[in-house]
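[1] After the sequence you'll find the predicted model.
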Amino acid sequence: MINKKDLFLYFLFISFVFLLPKHAISQDFFNTDYDPSKSYILMTSPTIQNIERLNYLINNEILYAGKYEIIGIYFFSEKYDYTQSIRYIRDNHLIKFHMQRITGTLTNENIFGPNNLTNNFDIMFNQSKGLFIWGEETDIQPILYGEKNTGSEVTDPQKNLFELSLVFHLLGNTNNHNFTPFLERNPKYFIIGIDNGMEIMNVATGGSMIQDIPSELYKSESIQETVQINQENLHRNYWQDIFDNSQLMSASFHPIRLEINGFLMKKLKWKRTNVTPPMISSHHQAIKNLEDCWDITARSLDGKVIESIKSRKYPNVFAVQFHPEISELYEENGRKYKFSPRDISASYYERTGKNGRKFLSRFWKMVTKAIIN
């Protein structure tokens, strides 16, 4: 027999659930709350950090997303606990953010072809305007681009399988000519990759990776040797691996060089070829082999690392290896960090400088045009 206390707690729980906005607790948005009268943008890796950053860009009018709402999509077996994101959306009343959990079976052998997620991918593609592929700190398993692991740190293989298969369905792969990519039905669909997102786009279409920049490109055999490389050639901060110091930033600022008459130079109206804006990045891998479906639009100062790519076929598909989405880049009074123990403390805003801020402003305007196109 149920006592009065248990009955009261039961009704309290039911009332709590039904009083919550549906979008804040649902992990199955397309089957519960999807509204065909609205327009949606997808984002992978909808962690709290990535939701915060995208929301910051929109709220501060750095990126204009119009009336579009955001659907965070993720694979059920990813390592990140996305219930944290669901609570964050609910607690901060982010009514334009939603979550969609995808289930199924993905293996190394079935991601570059039709699989049991194909129908889900098709539905999401048909019901969205575009896709942000956010970067995360996990390397892609080298077996997926035909190599042995010589320097990769694969921390979330299931996330990689999910995103690689999704991008394959959208853009196709040079090794599977029998598959017609979804964008053939809507060539104006936008896909924008950030950091690891660019690496996903490269491997999904048939490319391969430099597994460790310092050792492969600069022949470094230790962390101590790596930190002696010029900072402009370091794409993350290796000093933090030597010193446990909260003042050290985890990332690195380094200049990028836009390809002359390339996509970025034209779109951003970057007329001064000798101006190399400093960008922030935190990665140790880079594109090795890039398929013919891509154009290179920016490189590192020494030309060894590809910093940006653009689809040759689809006008609104491009990616960058650096991080233009970090909120501290736009905050004048942000916290100050050092790159090395002897470095002078400076904020991300200060390190970006006038040219960097001009580049970032024009970059997000370009993204805006891709969204509202």
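    Happy to help now that I have it.

[2] In the stretch 251-373 of the chain, mark out all the strands, start to finish.
    252-258, 278-281, 286-287, 294-300, 306-311, 317-320, 336-337, 346-347 (DSSP state E, counting those that start in this stretch).

[3] could I get those as CSV with mean pLDDT and mean neighbour count?
    Every C-beta, even on glycine, is put in place using the N, C-alpha and C of the backbone. Below are the strands of the stretch 251-373 of the chain laid out as CSV (pLDDT from 0 to 100; neighbours: other CB atoms under 10 Å):
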stretch, mean pLDDT, mean neighbour count
strand 252-258, 96, 21
strand 278-281, 96, 23
strand 286-287, 98, 24
strand 294-300, 97, 21
strand 306-311, 98, 24
strand 317-320, 98, 26
strand 336-337, 97, 18
strand 346-347, 97, 16
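
[4] all strands for the stretch 101-250 of the chain, in order.
    130-133, 190-194, 209-210.

[5] related to what we said a few turns ago, can you lay out the strands of the stretch 251-373 of the chain as CSV showing distance to Lys188?
    Formatted as CSV, those follow (distance: least, CB to CB, whole Å):
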stretch, distance to Lys188
strand 252-258, 24
strand 278-281, 27
strand 286-287, 25
strand 294-300, 18
strand 306-311, 12
strand 317-320, 10
strand 336-337, 40
strand 346-347, 38
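
[6] just so I know, which of the ones you listed lies nearest Asn175?
    strand 294-300 (15.0 Å; CB to CB).

[7] Skipping its backbone neighbours, what lies nearest Ala251 in space?
    Nearest non-adjacent residue to Ala251, counting by CB to CB, 6 or more residues apart in numbering: Ser282, 4.1 Å away.

[8] What's the local residue count around the one you found?
    18 (other CB atoms under 10 Å).

[9] where along the stretch 1-150 of the chain do the helices fall?
    4-19, 22-25, 29-32, 48-59, 83-91, 118-126 (DSSP state H, counting those that start in this stretch).

[10] could the strands of the stretch 101-250 of the chain be laid out in a markdown table, adding mean neighbour count?
    A markdown table is the format used below for the strands of the stretch 101-250 of the chain (neighbours: other CB atoms under 10 Å):
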| stretch | mean neighbour count |
| --- | --- |
| strand 130-133 | 24 |
| strand 190-194 | 24 |
| strand 209-210 | 20 |
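
[11] For those, give me CSV that also has mean pLDDT.
    Formatted as CSV, the strands of the stretch 101-250 of the chain follow (pLDDT from 0 to 100):
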stretch, mean pLDDT
strand 130-133, 98
strand 190-194, 98
strand 209-210, 98
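
[12] now the ones you listed as JSON lines including distance to Ser252?
    Formatted as JSON lines, these follow (distance: least, CB to CB, whole Å):
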{"stretch": "strand 130-133", "distance to Ser252": "22"}
{"stretch": "strand 190-194", "distance to Ser252": "16"}
{"stretch": "strand 209-210", "distance to Ser252": "16"}
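
[13] wait, which of these is closest to Ala319?
    Short answer: strand 190-194, nearest of the strands of the stretch 101-250 of the chain by CB to CB, at 3.2 Å.

[14] which residues touch Val275?
    Asn355 (CB atoms under 8 Å, 6 or more residues apart in numbering).

[15] do that again at 10 Å, thanks
    For Val275, the contact set (CB atoms under 10 Å, 6 or more residues apart in numbering) comprises 255, 257-258, 354-355, 358-359.

[16] In the chain, which residue is most central in space?
    Trp134 (1.5 Å; CA atoms, centre = their mean).

[17] Does it touch Arg53 like I think?
    Yes - counting by CB atoms under 10 Å, Trp134 does reach Arg53; the two are 8.1 Å apart.

[18] list residues touching both of the two?
    Common neighbours of Trp134 and Arg53 (CB under 10 Å, 6+ apart) are 47, 194, 323, 325.

[19] Tell me how many other residues surround the nearest residue in space to Thr47 that is not next to it in sequence.
    Excluding its sequence neighbours, the residue lying closest to Thr47 (CB to CB, 6+ apart) is Tyr80, at 5.8 Å. By the criterion of other CB under 10 Å, Tyr80 has 15 neighbours.

[20] Also Met43?
    Count around Met43 with other CB under 10 Å applied: 23.

[21] and if you look at Arg357?
    Neighbours of Arg357 using other CB under 10 Å come to 14.

[22] how near is it to Trp364?
    11 Å (CB to CB, to the nearest Å).

[23] list the residues that contact both of the two?
    Taking CB under 10 Å, 6+ apart as the criterion, Arg357 and Trp364 both touch Tyr330.

[24] low-confidence ranges in the stretch 151-300 of the chain?
    The model of the stretch 151-300 of the chain has no residue with pLDDT under 70.

[25] where exactly do the helices run in it?
    With DSSP H, counting those that start in this stretch as the criterion, the stretch 151-300 of the chain has helices spanning 157-171, 196-204, 213-218, 223-226, 263-267.

[26] Can you check which of those gets nearest to Glu147?
    Comparing the helices of the stretch 151-300 of the chain by CB to CB, helix 196-204 comes nearest, at 10.7 Å.

[27] I'd like to know how many residues surround the residue nearest to Phe121 when sequence neighbours are not counted.
    Closest residue in space to Phe121, ignoring its immediate chain neighbours: His169 at 4.5 Å, by CB to CB, 6+ apart. The number of residues packed around His169, counting by other CB under 10 Å, is 27.

[28] can you check Asp33 too?
    15.

[29] Phe339 versus that one, what's the distance?
    45 Å.
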